[in-house]
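In: Need a 3D model of the following:
(one chain, ligands or ions: 1)
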Amino acid sequence: MNLIRFVQGNAQPEVDLKKTYDAIVVGSGAAGGMAAHVLTSHGMKVLMLEAGKKLDINAELKSTEWPYEHPRRGEMPPGHHALTLNEYTVRKPPYAAGSSYKSVYSYVQGWSGSDYSKNIVVDEKHHPYSGTNYAWVRARLLGGKTNIWGRLALRLSDYDFKAKSRDGYGEDWPISYADIAPYYDKVDLYLGISGVKENLPQLPDSLFHRPNRLAPAEAMRVALPDAEACIVILSGKVTIEAGGHTWRDIGERGSVFDDRAPYAVYLPPGEAAQIVAKTAAEIGVGSAPASAGPPARLIEPASMKRFKRGEGSNTRYVCDILPQTEPASHLLLVEVVTPAGHSSSYPPHKHDTDNLPAESSLEETYYHRLKPAQGFAFQRVYTDDRSIDEALAVEDHDVVLVPRGYHPVVVPHGYDSYYLNVMAGPKREWHFKNDPAHEWMLKR
Ligand SMILES: Cc1cc2nc3c(=O)[nH]c(=O)nc-3n(C[C@H](O)[C@H](O)[C@H](O)COP(=O)(O)OP(=O)(O)OC[C@H]3O[C@@H](n4cnc5c(N)ncnc54)[C@H](O)[C@@H]3O)c2cc1C
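Out: Numbering: from 1, shown residues only. Here you go, the predicted model:
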């Protein structure tokens, strides 16, 4: 995809305007951005026209900075004004006409921390809105309002699609929730959606179970009433408040591939944690149903055991984040870096049968990252009876579920693999059984 950008009135020289494009997308916000993504991922050549500038979001977005860190406690400088909702009702557009303020912004600027997003929304003095009487929030920058949205993606349900059949009002749509749910899933996984499962029939749950990528100053909350959780700072720096503690500016990795262990925070069921990103950060949250657990605590990198496992092209590097020797009710977390051309979780092993001490019953998830990011790896998940037998091409940020069976990973030449494993089961012990067909290679 090519982007045409006008920065301070100058077109960037990167676009070939003599070329014929398959499609032109105007605006790079949620709508334009998604349209361009879908079209380009099907091989179309797309020209995107964006009226806004590209902002350095790391420098601009600090809305959850502490008020005392800002010279005006987050307020805009004198001469700048955020319209109140009342102004939309008592005035006619253009709303800034006749205003003595130098800059006038939409009401959204009146929310706390307005200084942080004043460069994101339109200055109504410079770009007067002359449409209908409407409290319009207009953004002018690359990415549009996705730079400040809350990452909640509320789904329609059959209460909406089949309203006429339910209550006699409106018309039934020719599609139902079941038709559209797979597309909601795709968008959720692509964007990264905040929220918790609530099982409401009128508001179907999004796909929340994935690591969260936070922009600087973005916040997320983890609060699971019936599950214990382990928050892993995969990369970036964050402040976490939980259980009466404040762990400020924790996280020392720029990437999961940095040669150091992560910070993590354990949360018992019902304990809430507030996470605020200081820098761009990626947060993994592993959870498992539990009725009780030890108190919330910080798990420091220095307390985690890091070691090499395997030989030759089966060598991989393991970090025990929350092993069975450390307190928790059901959860186990470990991360593994597998160098290019190597295999891991290999020879294939499984832990799906409660047969201690030979084997324990633990479900597992793999959250995959690849370096460079365009790479791929392969993971096979299979059982002895082949009732599960899937060979998966995994890409950066993919999650693989291992309900049972063997689950080896193989990484091709040129790409390093990282994965975060979250395991949980009734008995918190990791005892696995190798696939007898391949166990021979351990005995060489
Ligand atoms: C603070 C805030 C929080 C929000 N939180 C949520 C949330 O949690 N969940 C949710 O579902 N929604 C949320 N929303 C709403 C949601 O963000 C917007 O509805 C959505 O992002 C709009 O996307 P869009 O592509 O239609 O418009 P925009 O994001 O506004 O994108 C329009 C783009 O077009 C560009 N443009 C405009 N005119 C031109 C032109 N003439 N030529 C070229 N380019 C042009 C703009 O610069 C901009 O980049 C929130 C909105 C705000 C302001």
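
In: Now do the strands in the stretch 101-250 of the chain.
Out: Assigned by DSSP state E, counting those that start in this stretch, the stretch 101-250 of the chain shows strands spanning 103-105, 212-214, 219-223, 227-235, 238-242, 245-250.

In: Which of those sits closest to the ligand?
Out: Ranking the strands of the stretch 101-250 of the chain by proximity to the ligand (C-beta to the nearest ligand atom) places strand 103-105 first, at 11.2 Å. For the C-beta atoms, the positions are set from N, CA and C on the backbone; glycine is no exception.

In: Could you spell out the sheet neighbours of the closest one, each with its direction?
Out: Applying DSSP bridges to the sheet, strand 103-105 is found paired with strand 80-82 (parallel).

In: List the contacts of the partner strand.
Out: Residues from elsewhere that reach strand 80-82, judged by C-beta atoms under 8 Å, 6 or more residues apart in numbering: 76, 99, 101-110, 114, 118.

In: coming back round to it: could you save the strands of the stretch 101-250 of the chain as a markdown table and add columns showing mean pLDDT and distance to residue 183?
Out: Formatted as a markdown table, those follow (pLDDT from 0 to 100; distance: least, C-beta to C-beta, whole Å):
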| stretch | mean pLDDT | distance to residue 183 |
| --- | --- | --- |
| strand 103-105 | 94 | 34 |
| strand 212-214 | 83 | 21 |
| strand 219-223 | 84 | 24 |
| strand 227-235 | 96 | 28 |
| strand 238-242 | 97 | 32 |
| strand 245-250 | 98 | 37 |
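
In: which stretch among the ones you listed comes nearest residue 271?
Out: strand 238-242 (5.9 Å; C-beta to C-beta).

In: And for the closest one, what's in contact with it?
Out: Applying C-beta under 8 Å, 6+ apart, the set of residues contacting strand 238-242 is 214, 231, 246-251, 265, 267, 271-278, 281, 283, 296, 298.

In: Kindly recompute the last result at 7 Å.
Out: 231, 246-251, 265, 267, 271-278, 281, 296 (C-beta atoms under 7 Å, 6 or more residues apart in numbering).

In: so how far is it off the chain centroid?
Out: Distance of strand 238-242 from the chain centroid (C-alpha atoms, centre = their mean, to the nearest Å) equals 17 Å.

In: Pop the domain breakdown of the protein in here.
Out: 2-50, 154-208, 211-303, 304-444 (automatic domain parsing).

In: which of the ones you listed sits most buried?
Out: Neighbour counts (mean count of other C-beta atoms under 10 Å) averaged over each of the domains of the chain peak at domain 211-303, with a mean of 19.

In: want to try JSON lines for the strands of the stretch 101-250 of the chain, with distance to residue 197 as columns?
Out: Output for these, formatted as JSON lines (distance: least, C-beta to C-beta, whole Å):
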{"stretch": "strand 103-105", "distance to residue 197": "36"}
{"stretch": "strand 212-214", "distance to residue 197": "15"}
{"stretch": "strand 219-223", "distance to residue 197": "12"}
{"stretch": "strand 227-235", "distance to residue 197": "10"}
{"stretch": "strand 238-242", "distance to residue 197": "20"}
{"stretch": "strand 245-250", "distance to residue 197": "26"}
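
In: Indicate the residue of the stretch 51-200 of the chain located nearest to the ligand.
Out: For the stretch 51-200 of the chain, C-beta to the nearest ligand atom, closest residue to the ligand: residue 144, 2.4 Å.

In: sec struct for residue 394, please.
Out: Here residue 394 is recorded as strand under DSSP: H, G, I helix; E, B strand; the rest coil.
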